[in-house]
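In: Need the 3D shape of this:
(one chain, ligands or ions: 1)
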Amino acid sequence: MKATVIAPANIAFIKYWGKADSVLRLPLNSSLSMNLSNAYTTTTVEFSSVLKKDSVRLIGGMFFPDEINRIIVALDRIRSYSGIRLFARVVTKNSFPKGIGAAASASGFAALTIAGFAASGKKLTEKELTIFARMGSGSACRSIPDGFVVWEKGNSSDTSYAYSLYSHTYWDLYDILVIVDTGMKKVSTSEGQKGVKTSPFWQERVQKIPDKIKKMKTALREKNYPMLGAMIEDDCLSMHRVMQTQTPPIFYWNNATKKLMEMVRCWRNEGIPVYFTIDAGPNVHLICEKSTVELLKKKLREIEEVKNIIVNTSAPGAHLVDKHLF
Ligand code: 2P0
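Out: Reported below is the predicted structural model:
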């Protein structure tokens, strides 16, 4: 059987950086995210007796050999759990450029997991699917449930899963992804996280996360945008402080990133409610409410370093669709 899935990327408001178990991809801390409506991956999977090996293709781009291996390992997990012995054909495409810090591994492994199991005929619960997606790429588990999502760190594979806190219709929050650099990121997230414990700040950060998540849940429950925004910025800076003080240090920001962070502060001083967050790359996510989107788009058009923008609102989780890629 052939199955196709659309899975959103997600932006973490409280971020995942560091693993307690690198094989199972158990994180050092829980995280909280929002799915993105206009940054997504579409993937079709079919298991077939005609194939002599797995075939993996990215439309409009190229996978590195280690990425193909990671996909094949994920297919092996699906085969092993569903008792299938056939090779698979996988075709995938992204709605956004790969490697720009827009979490292509999150949407990619979420889509692959659901399409793979659907193609195998094995039925899993949403929780089980998030566990399998997590083993492909940690943040992928957060792209499966609807809208605003928590990934519980847990202390075993079965207890480290993601669930929806609120549906995507709960709050009209926007994420304007501002692309200032379209090149591939310099250090992959899997590689970068290996050095987390060389930072003198990782423990302090991890210890504070349970309290931060509790407070962020309150901000979401009350739809308290200034409280939420301030917390989003605070956790972004806390994660980058860890990254920048690892050995060797990782600096994902460039001059345009820093300029945009400064602009966000200026705009706030002018009374425009907007906050930033940044993942493992130089591009900047502006978190705002619907009423501010048009004004921010206009302001961004005036900044020469801005190459492109992707305007996202909160999105449903990964789901099956009828239109296949082959
Ligand atoms: C996040 N990131 O929470 C944070 C913010 C990057 C910065 O999750 O090794 O690609 O595949 O489990 O999921 C990126 O980490 O890492 C990530 P792996 P992943 O969104």
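
In: need the residues of the chain near the ligand, please.
Out: When proximity is defined as Cβ under 6 Å from any ligand atom, the chain approaches the ligand at 12, 15-17, 25, 31, 103, 105-106, 137-139, 189-190, 193, 279-280. In short, each C-beta sits where N, CA and C put it, glycine included.

In: Out of those, name the ones that lie in strands.
Out: Using DSSP state E, the subset of the residues of the chain next to the ligand located in strands is 12, 31.

In: Out of the residues of the chain next to the ligand, name the ones that lie in helices.
Out: 105-106, 189-190, 193 (DSSP state H).

In: ok, which pair from those residues is furthest apart?
Out: Using Cβ to Cβ, the pair of those lying farthest apart is Ala106 and Gln193, separated by 14.2 Å.

In: so who does the residue nearest to Thr159 when sequence neighbours are not counted touch?
Out: Closest residue to Thr159 apart from its sequence neighbours, by Cβ to Cβ, 6 or more residues apart in numbering: Glu152 at 6.9 Å. Contacts for Glu152 (Cβ atoms under 8 Å, 6 or more residues apart in numbering) come out as 30, 159-163.

In: what's the closest of those to Thr125?
Out: Tyr161 (9.7 Å).

In: just checking, Ala74 touches Gly136?
Out: Yes. With contact defined as Cβ atoms under 8 Å, Ala74 counts as touching Gly136 (4.4 Å).

In: When these two are compared, which one has more neighbours?
Out: Gly136 (25 against 22; other Cβ atoms under 10 Å).

In: Grab the nearest non-local neighbour of that one.
Out: Using Cβ to Cβ, 6+ apart, the closest residue to Gly136 is Phe109 (3.3 Å).

In: roughly how far apart are that neighbour and Gly138?
Out: Counting by Cβ to Cβ, to the nearest Å, the gap from Phe109 to Gly138 is 9 Å.

In: One more: Ile209?
Out: 14 Å.

In: what about those two, which has more around it?
Out: A count of neighbours by other Cβ under 10 Å puts Gly138 above the other of Ile209 and Gly138, at 29 against 22.

In: need the contact list for that one.
Out: Here Gly138 is in contact with 16, 19, 25, 27, 151 (Cβ under 8 Å, 6+ apart).

In: next one: Ile144
Out: By Cβ under 8 Å, 6+ apart, the neighbours of Ile144 are 7, 110, 113-114, 126, 129-130, 133, 162, 317-318.

In: These into JSON lines, with extra columns for pLDDT?
Out: JSON lines is the format used below for those (pLDDT from 0 to 100):
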{"residue": "Ala7", "pLDDT": "98"}
{"residue": "Ala110", "pLDDT": "98"}
{"residue": "Thr113", "pLDDT": "98"}
{"residue": "Ile114", "pLDDT": "98"}
{"residue": "Glu126", "pLDDT": "98"}
{"residue": "Leu129", "pLDDT": "98"}
{"residue": "Thr130", "pLDDT": "98"}
{"residue": "Ala133", "pLDDT": "98"}
{"residue": "Ala162", "pLDDT": "98"}
{"residue": "Gly317", "pLDDT": "98"}
{"residue": "Ala318", "pLDDT": "98"}
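
In: Tell me which entries of those residues lie within strands.
Out: Those of these lying in strands (DSSP E): 7, 162.

In: Neighbour count and distance to Arg265 added to the contacts of Ile144, as JSON lines?
Out: Below are the contacts of Ile144 laid out as JSON lines (neighbours: other Cβ atoms under 10 Å; distance: Cβ to Cβ, whole Å):
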{"residue": "Ala7", "neighbour count": "30", "distance to Arg265": "33"}
{"residue": "Ala110", "neighbour count": "38", "distance to Arg265": "34"}
{"residue": "Thr113", "neighbour count": "33", "distance to Arg265": "39"}
{"residue": "Ile114", "neighbour count": "28", "distance to Arg265": "40"}
{"residue": "Glu126", "neighbour count": "17", "distance to Arg265": "39"}
{"residue": "Leu129", "neighbour count": "25", "distance to Arg265": "40"}
{"residue": "Thr130", "neighbour count": "27", "distance to Arg265": "36"}
{"residue": "Ala133", "neighbour count": "31", "distance to Arg265": "36"}
{"residue": "Ala162", "neighbour count": "31", "distance to Arg265": "32"}
{"residue": "Gly317", "neighbour count": "25", "distance to Arg265": "33"}
{"residue": "Ala318", "neighbour count": "31", "distance to Arg265": "35"}
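
In: Max pairwise distance over the contacts of Gly138: which two?
Out: Largest pairwise distance in the contacts of Gly138, by Cβ to Cβ, is 12.6 Å, between Lys19 and Trp151.
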